[in-house]
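Asks: Based on what follows, work out the 3D shape:
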Amino acid sequence: MINEKEKFNIKSDFIKNIFTLFSGAAIAQLITLIAIPILTRIYTPEDFGFIAIYLSIANIVATISTGRYELAIMLPKKKKNAIAIIKGTFRIILIITLITLIAILVLKSFENKISDLIRPFYFYFLPISIFIVGLTNVFTQWFTRQKEFKLQAKTKIVRSGSNSVVNVGLGFLFNLKSFGLFIGHIVGQGLQLLIFTFRFLKEEKETLKNINRNTIKAQLKENRNFPYYSAPMGFLNAISVDILIYVLNLFYTTSLVGLYTNATKVINYPLSLISQSFTSVFYQKISETHKKIKLYLISYFANFIIASIAMIPIIFWGEEIFAFVLGKDWKIAGSIAKYLAPLTIASFAMRSVSNIFSLTRKNGILLIWQIIYLIVILVVIFISKSEQFEIMLLGVSFIGALLYIALAFIGYRIMINQYEKKS
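Replies: Sure thing, here's the model as predicted:
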């Protein structure tokens, strides 16, 4: 019976799929974590600062390069319509990539005025990174729809492994500074995209040929909620996540940006390997199950507890851990990680279940929250930036955590209003 199959059971394929993605992500993140202590002894905090600014800009633009249509790939019942969304999204990515290229070329003529922003010449390669990240996001959603979790796990390992090997190799052999980190990221992301592309074309080449312009147009129109609401929200969220990168670069130094990014990397990587795996499977499962409210609550609180436990060593011994693992020059990164613990816990728990806003088509509410979040955080930064650096971080951390908890409650109320009778 269908109702029997829909009963929430921890032994279901939901848990199995999470474990599949988790195992791949765990190996990938382990490779990265092993490489970090080596890289921090090869590259300077300033090198990490430059690459952090580059990746932040690339990810922000890549977020809107798809119009967030990749989130709609899970929704159509017919595979043909889902592929039509992919085909339409690919064209949008090409347009945004071309616009970015033109913008970079225009900015190049004013290089003297913006030299502080694009001092490393590889900033002119931003269009390539935007194209790679945007299309990879699309294929990730497609292979989630197809339940190809093993493929996703393998590509994570390939990406992380190649990235780390190139970073370490170029650093040791050629002392390329931040350019070595840049090459590593491009190689890792590029290989992941190639694997996705070859697999997709191998399996869906014929279907692609049979999709006409009218089908693409119809699907994009039907899911226009995503570019209208989710894309601006994603753009603002990307800025919010990296707001401290720009604040630290503007008011302090690029070296401090490097310390901050490695602090967040060390504490977020163990957590992100869980959230990345969980979020993909959660979206696929909650789209099917009748126990949506129960799944939402269990998922949120489980992730909140996991993050809280994971942060205990950082809260009590952050400076000592970072100095031992990364080197004595990185002790301040441990302090940064400790101050950001509340925000790390709250954002992780909510991020793991945030797809319910797409599922319920309440992206407008999420957009409003994101605008409020960004405004509040900017106000906190503006008020506290003249104080000690630690005071500013603590303000951002605690206020941001409260806002994420409020968002979790909003998500719960939406689930109650929309699915309580059905459950």
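
Asks: What average pLDDT does stretch 58-70 get?
Replies: Stretch 58-70 carries an average pLDDT of 90.

Asks: just so I have it, where are all the helices in the stretch 251-400 of the chain?
Replies: 254-286, 292-326, 331-339, 341-351, 356-359, 363-384, 389-419 (DSSP state H, counting those that start in this stretch).

Asks: got a markdown table for the ones you listed, with mean pLDDT, distance to residue 211 and mean neighbour count too?
Replies: Just so you know, the C-beta spots here come from the backbone N, C-alpha and C atoms, and that holds for glycine as well. Output for the helices of the stretch 251-400 of the chain, formatted as a markdown table (pLDDT from 0 to 100; distance: least, CB to CB, whole Å; neighbours: other CB atoms under 10 Å):
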| stretch | mean pLDDT | distance to residue 211 | mean neighbour count |
| --- | --- | --- | --- |
| helix 254-286 | 75 | 23 | 22 |
| helix 292-326 | 86 | 31 | 17 |
| helix 331-339 | 90 | 47 | 23 |
| helix 341-351 | 90 | 33 | 23 |
| helix 356-359 | 76 | 23 | 22 |
| helix 363-384 | 87 | 25 | 17 |
| helix 389-419 | 89 | 32 | 18 |
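
Asks: count of neighbours near residue 214?
Replies: 9 (other CB atoms under 10 Å).

Asks: let's have the chain start at 580 instead
Replies: Yep, numbering from 580; the last one is residue 793 now.

Asks: hang on, the earlier thing: can I get the helices of the stretch 830-979 of the chain in TSV with distance to residue 814?
Replies: Below are the helices of the stretch 830-979 of the chain laid out as TSV (distance: least, CB to CB, whole Å):
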stretch	distance to residue 814
helix 833-865	19
helix 871-905	25
helix 910-918	25
helix 920-930	16
helix 935-938	15
helix 942-963	9
helix 968-998	17
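
Asks: Out of the ones you listed, which is closest to residue 651?
Replies: helix 935-938 (8.0 Å; CB to CB).

Asks: roughly how far out does stretch 816-836 sit from the chain middle?
Replies: On the basis of CA atoms, centre = their mean, to the nearest Å, stretch 816-836 sits 17 Å off its chain's mean C-alpha point.

Asks: Name the residues of that stretch that come out as buried.
Replies: 816-819, 821-824, 826-828, 833-836 (16 or more other CB atoms under 10 Å).

Asks: In those, find the pair that's most separated.
Replies: Going by CB to CB, the pair spanning these furthest: 816 and 834, at 26.5 Å.

Asks: and the end-to-end length of stretch 717-736?
Replies: Terminal residues of stretch 717-736 are spaced 19 Å apart (CA to CA, to the nearest Å).

Asks: What helix or strand is residue 798 located in?
Replies: Taking DSSP states H and E as the criterion, residue 798 maps to helix 792-801.

Asks: Quick check, residue 718 in contact with residue 774.
Replies: No - at 9.1 Å, residue 718 does not count as touching residue 774 under the criterion of CB atoms under 8 Å.

Asks: ok, the two, which is more surrounded?
Replies: Higher neighbour count among residue 718 and residue 774: residue 718, with 23 against 18, using other CB under 10 Å.

Asks: For residue 726, give me phi and psi.
Replies: phi 60, psi 30 (degrees, to the nearest 10).

Asks: Burial check on it, number of neighbours?
Replies: Residue 726: 15 neighbours (other CB under 10 Å).

Asks: Same check on residue 673?
Replies: Residue 673 has 14 nearby residues by other CB under 10 Å.

Asks: any idea how far it lies from residue 710?
Replies: Distance of residue 673 to residue 710, computed by CB to CB, to the nearest Å: 8 Å.

Asks: try residue 939
Replies: From residue 939 to residue 710 the distance is 31 Å (CB to CB).

Asks: of these two, who's got more company?
Replies: residue 710 (22 against 18).

Asks: can you pull the contacts of that one?
Replies: 644, 672-673, 676 (CB atoms under 8 Å, 6 or more residues apart in numbering).

Asks: again, 10 Å this time
Replies: For residue 710, the contacting residues are 637, 641, 644, 669, 672-673, 675-677, 679-680, 772, by CB atoms under 10 Å, 6 or more residues apart in numbering.

Asks: Show me which of those is closest to residue 910.
Replies: Among these, and counting by CB to CB, the member closest to residue 910 is residue 637, at 29.5 Å.

Asks: overlap in contacts of residue 718 and residue 774?
Replies: 730-731, 734.

Asks: Just the buried ones out of those residues, please.
Replies: 730-731, 734.

Asks: nearest to residue 651, of these?
Replies: residue 731 (18.8 Å).

Asks: so which strand or helix has that closest one?
Replies: helix 728-753.

Asks: Output the contacting helices and strands for that helix.
Replies: Applying 3 or more CB pairs under 10 Å, 6 or more residues apart in numbering; DSSP states H and E, one finds that helix 728-753 makes contact with helix 592-618, helix 705-724, helix 757-788, helix 833-865.

Asks: Can you give me the distance of the residue lying closest to residue 756 once chain neighbours are set aside to residue 841?
Replies: Residue nearest to residue 756 in three dimensions, not counting chain neighbours: residue 626, with 5.1 Å by CB to CB, 6 or more residues apart in numbering. As judged by CB to CB, residue 626 and residue 841 stand 11 Å apart.

Asks: Check residue 672 too.
Replies: For residue 672, the distance to residue 841 - CB to CB - is 30 Å.

Asks: Same question for residue 980.
Replies: Distance from residue 980 to residue 841, by CB to CB: 21 Å.

Asks: swap in residue 632?
Replies: With CB to CB as the criterion, residue 632 and residue 841 are 14 Å apart.

Asks: same check, this time on residue 796
Replies: If you go by CB to CB, the gap between residue 796 and residue 841 works out to 45 Å.

Asks: next one: residue 776
Replies: 31 Å.

Asks: next one: residue 675
Replies: 30 Å.

Asks: Kindly report the same for residue 677.
Replies: 34 Å.

Asks: got it, and residue 754?
Replies: Distance from residue 754 to residue 841, by CB to CB: 19 Å.
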